[in-house]
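S.K.: Quick one: sequence and predicted model below, then my questions.
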Amino acid sequence: MEDNRGDVRLITEGLTASNVESSLTTVTDGEAALEHLTRASKSDGTALPGLVFLDINVPKRTGLDVLGRLSADDTLASISAVVLSRSNATNHIDETERLGADGYFVKPVDPEGFIELIDRIVVSVVESGTAPPGEHATNETY
């Protein structure tokens, strides 16, 4: 879930760099993300994603709202959820950890760094089934 076209492009390039077979569905607001995930969880033929990237500050419903829904729904809780944000505010980091995010990363300003971060996250999820610890990890699981 990302509303910044430049960041979507960098996420797409990171997926390509990972050499992992994948498809990308992009939604630009929290309401659309919840609708998409709800449809997928009800088995309408849409496969559940193995990984979602969430930005905290998006229109309609925040990334925190979406993360809370993922955590509260048994079907959706299996999805790896990684927060990508420009914020390094402690309250955002703590809240995403409390809501069950698999990692919290501040978006790199450098495009190559951003692409490398996405590549590292995707490869980690494919190889180990989990996202790498977020850069703001307070324990071994986050």
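M.R.: Thanks, I have it.

S.K.: other SSEs contacting the helix or strand of the chain with the lowest mean pLDDT?
M.R.: Ranked by mean pLDDT, DSSP states H and E, the weakest helix or strand in the chain is helix 30-41, scoring a mean of 86. Packing partners of helix 30-41 (3 or more C-beta pairs under 8 Å, 6 or more residues apart in numbering; DSSP states H and E): strand 51-54, helix 63-72. Glycine gets a C-beta too; all of them are placed from N, C-alpha and C.

S.K.: Near Leu84, how many other residues are there?
M.R.: 25 (other C-beta atoms under 10 Å).

S.K.: Same question for Arg39.
M.R.: By other C-beta under 10 Å, neighbour count at Arg39 equals 12.

S.K.: Show me which parts of stretch 99-107 are buried, residue by residue.
M.R.: Counting neighbours by 16 or more other C-beta atoms under 10 Å, one finds that the buried residues in stretch 99-107 are 99, 101-107.

S.K.: how distant is that stretch from the center of its chain?
M.R.: Relative to the chain's own centre, stretch 99-107 is displaced by 7 Å; criterion: C-alpha atoms, centre = their mean, to the nearest Å.

S.K.: tell me the secondary structure for Gly100?
M.R.: coil (DSSP: H, G, I helix; E, B strand; the rest coil).

S.K.: Skipping its backbone neighbours, what lies nearest it in space?
M.R.: Take Gly100 and drop its neighbours on the chain: the residue closest to it by C-beta to C-beta, 6 or more residues apart in numbering is Ser71, 4.0 Å away.

S.K.: looking at the helices and strands packed on helix 30-41, which is buried most?
M.R.: Ranked by mean neighbour count, the helices and strands packed on helix 30-41 are led by strand 51-54 with a mean of 22 (mean count of other C-beta atoms under 10 Å).
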